[in-house]
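Chemist: show me how the following folds:
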Amino acid sequence: MNSEFRIQNSEFNTDWLTAQAIASPDKLALVATRPHRSRRPVRSNLAYRQLNALVDGVCGRLASLHLARGSIVAAHLPSSAEYVVLVHALARMGLVLAPLNTRLTSAELGAQLNHVRPALLIYDEAEPTSIPSHWEKMEAVGQTLTLQKLMALPPAPFAPAPMDLERLQSIVFTSGSSGAPKGVQITFGNLFWNAIASAARLGVMPDDRWLSVLPLFHVGGLTVIFRSCIFGTAMALHPKFDVDAVLRSLDEDAITLVSLVPTMLGRLMELRAQVPSSLRLILLGGAAASEELLAEAARRGWPVAPTYGLTEATSQVATMPPDEAARKPGSVGKPLFGAQVRILDALGEPSPNGEIGEIAVRGPTVMRGYFDNAEATAKAICQNELRTGDMGYVDAEGDLFVLQRRSDLIVTGGENVYPAEVERALRSHPKVKDALVVGLPDAEWGQRVAALVVADGITAEELLAHVRATLAGYKLPRVVRFAPALPLLANGKLDRAGARAMLLDLNEKSGFANLSVLL
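Modeler: Next up, the predicted model:
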């Protein structure tokens, strides 16, 4: 091999989509589902030749705007075939995508736009309820166009940008579940190695169809676009998670893989006992899955592969194959190809197997850094190693167990309480469907353990009596409130900040007198 060749710095004359359009022009690339006035959704099937032609058309229209290569283009769009086309077109033109969460408030969106200051903002006029009226007047945005107006522009000649793996593909904002969202810079190299590592663990079949219900502003949705393209397989895209639509797609679209979060899997299993015949794997991530959910999935034969990942590592870090997951519930398995995982103590030193510490990740999928935030980048990346802020441990076999974010740790009276441990104890009661545990301010103890519980026909006192046998006294919830459902973020993760705000709001209105206070 030529000593000057470095795959991480290599340039190719064509991008991945162009290469697939040449190699497999008639192979299925995208199955996009969109809602319809009738109950049955409409599907659009695109072969690689068709998808490539649509991308060229959008590239010509983008070229008419005369944006400099490397310019940032923000997109506030629902998941759709048009969005996938735009993602590929921006990549071909050498422009950087900044996908915006369509569920954020105007103030939150404004803060993100002011941070990245895009040369162009594209939004969908068909979604008027989600469009802040003042966007056109925002000084941080160079140009503002609806998707419909962009498509109406006359195309101009363009020259594709070389596929340089060092080039920035997107700035994806973190969910903000543990603080203010930060813009994660993801390169094409990050996406390439994510695809390779994922395939090495999960396998790739020529007829694979990956069902994506995660929003495209989420790294778990974005990576499926490029992963499918690199291997010439098909992506099935839904605009959102709709349990009936997903079950229909699993039955009718020959889906072989699907990305889900635990709440989604739970809803699917409530309505379906049998595994769809074509489905070979469920990549389950985004939040820790309960042992009860995993055990039930294993009993029914649902091929669940628990995974751990984060935006800063371009989605997957470790994944446990389905045949091993049943043997070791609670683990997310070993690191993927190219990734290294260490557990660090409070001083940043490696911890022995079995001891809880901060999860640190090294490898080619680790982000370039946070956009325009050198301070946060320096805290997160130390000597090319990502300090995730997540707490966990590695067992004697090298399998990773993830507890939760370090910021979710509850310190009460000087003792550490891990919410995942308390949630597991609460969910072990047969009448409890789900539980979420957070820390609330306490003048005497620093924090008090509080729980939001979804259950039927049980009192807080009965629940406390149940968990008292398995939890130390300082871990017992001091506040329990029952709710019909747990609050979720747009990506399906549990919204701990939302639960905390809910409990604090009740405290401000009436104190905890109306809650079940367990002392």
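Chemist: all strands for the stretch 51-200 of the chain, in order.
Modeler: Using DSSP state E, counting those that start in this stretch, the strands of the stretch 51-200 of the chain run over 72-76, 96-99, 120-123, 143-146, 163-164, 168-173, 183-187.
Chemist: and the shortest one, what's its mean pLDDT?
Modeler: For strand 163-164, mean pLDDT rounds to 92.
Chemist: quick one: that strand to chain centroid distance?
Modeler: 25 Å (Cα atoms, centre = their mean, to the nearest Å).
Chemist: strands paired with that strand, and their directions?
Modeler: strand 11-12 (antiparallel) (DSSP bridges).
Chemist: same question for the strand or helix carrying Leu426, mean pLDDT?
Modeler: Leu426 belongs to helix 419-427 when assigned by DSSP states H and E. In this model, helix 419-427 has a mean pLDDT of 86.
Chemist: stretch 248-264 now?
Modeler: Average pLDDT, stretch 248-264: 91.
Chemist: gap between the two ends of that stretch?
Modeler: For stretch 248-264, the first and last residues are 15 Å from each other (Cα to Cα, to the nearest Å).
Chemist: cool, and stretch 390-409?
Modeler: 10 Å.
Chemist: ok, which of the strands of the stretch 51-200 of the chain comes nearest Tyr370?
Modeler: For Tyr370, the closest of the strands of the stretch 51-200 of the chain is strand 183-187, at 6.0 Å, according to Cβ to Cβ. Yep, even glycine has a C-beta here, placed from its N, CA and C like the rest.
Chemist: give the pairing partners of that closest one; include direction for each.
Modeler: Sheet partners by DSSP bridges: for strand 183-187, these are strand 168-173 (antiparallel), strand 369-370 (antiparallel).
Chemist: the most centrally placed residue in the chain: what's it in contact with?
Modeler: In the chain, the C-alpha nearest the mean C-alpha coordinate belongs to Gly220, at 4.3 Å (Cα atoms, centre = their mean). The contact partners of Gly220, taken as Cβ atoms under 8 Å, 6 or more residues apart in numbering, are 214, 259, 285-286, 309, 315, 491.
Chemist: tell me which of those residues is nearest to Ser24?
Modeler: Ser259 (23.1 Å).
Chemist: now whatever helix or strand that closest one lives in: buried residues?
Modeler: Assigned by DSSP H and E, Ser259 belongs to strand 257-260. Buried residues in strand 257-260, counting neighbours by 16 or more other Cβ atoms under 10 Å, are found at 257-260.
Chemist: so what does whichever helix or strand comes after it touch, helix or strand wise?
Modeler: Counting by DSSP H and E, the element after strand 257-260 in chain order, helix or strand, is helix 262-271. Identification of packing neighbours for helix 262-271 by 3 or more Cβ pairs under 8 Å, 6 or more residues apart in numbering; DSSP states H and E yields helix 243-252, strand 281-284, helix 291-300.
Chemist: and stretch 111-129, C-alpha only, in PDB?
Modeler: Written as PDB, here are the backbone C-alpha positions of stretch 111-129 (Å, rounded to 0.1, in the frame of the first residue of the first chain):
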ATOM      1  CA  ALA A 111     -30.800  30.200  20.100                       C
ATOM      2  CA  GLN A 112     -29.600  27.300  17.800                       C
ATOM      3  CA  LEU A 113     -29.800  29.500  14.700                       C
ATOM      4  CA  ASN A 114     -27.900  32.300  16.400                       C
ATOM      5  CA  HIS A 115     -25.200  29.800  17.400                       C
ATOM      6  CA  VAL A 116     -24.600  28.300  13.900                       C
ATOM      7  CA  ARG A 117     -25.600  31.400  11.900                       C
ATOM      8  CA  PRO A 118     -26.500  29.500   8.700                       C
ATOM      9  CA  ALA A 119     -26.200  30.900   5.300                       C
ATOM     10  CA  LEU A 120     -29.500  29.400   4.400                       C
ATOM     11  CA  LEU A 121     -32.600  28.200   6.400                       C
ATOM     12  CA  ILE A 122     -35.000  25.800   4.700                       C
ATOM     13  CA  TYR A 123     -38.400  25.100   6.200                       C
ATOM     14  CA  ASP A 124     -41.700  23.500   5.000                       C
ATOM     15  CA  GLU A 125     -44.600  25.800   4.400                       C
ATOM     16  CA  ALA A 126     -46.900  22.800   4.700                       C
ATOM     17  CA  GLU A 127     -46.100  22.700   8.500                       C
ATOM     18  CA  PRO A 128     -47.300  26.200   9.500                       C
ATOM     19  CA  THR A 129     -47.800  25.400  13.100                       C
END
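Chemist: so where do the strands sit in the stretch 351-500 of the chain?
Modeler: With DSSP E, counting those that start in this stretch, the ranges of strands along the stretch 351-500 of the chain come out as 357-362, 369-370, 381-382, 385-394, 400-405, 410-412, 415-417, 432-442, 446-455, 479-482.
Chemist: which one of the ones you listed lies closest to Val58?
Modeler: Once the strands of the stretch 351-500 of the chain are compared by Cβ to Cβ, strand 369-370 is nearest, at 28.7 Å.
Chemist: what is the mean pLDDT for the closest one?
Modeler: 96.
Chemist: what does it contact?
Modeler: 182-185, 376-377, 380-381.
Chemist: just checking, Val453 touches Ala425?
Modeler: No - shown here, Val453 and Ala425 do not form a contact pair, counting by Cβ atoms under 8 Å, at 11.5 Å.
Chemist: tell me what His76 is bridged to.
Modeler: For His76, the beta-bridge partners are Tyr123 (DSSP bridges).
Chemist: tell me where the model's unsure across the stretch 301-450 of the chain.
Modeler: Within the stretch 301-450 of the chain, the stretches with pLDDT under 70 are 405-406, 413-416, 443-444.
Chemist: what residues are up against the nearest residue to Glu312 once chain neighbours are set aside?
Modeler: Spatial nearest neighbour of Glu312, excluding adjacent residues (Cβ to Cβ, 6 or more residues apart in numbering): Met367 at 4.8 Å. Neighbouring residues of Met367 by Cβ under 8 Å, 6+ apart: 184-187, 190, 311-314, 381, 386.
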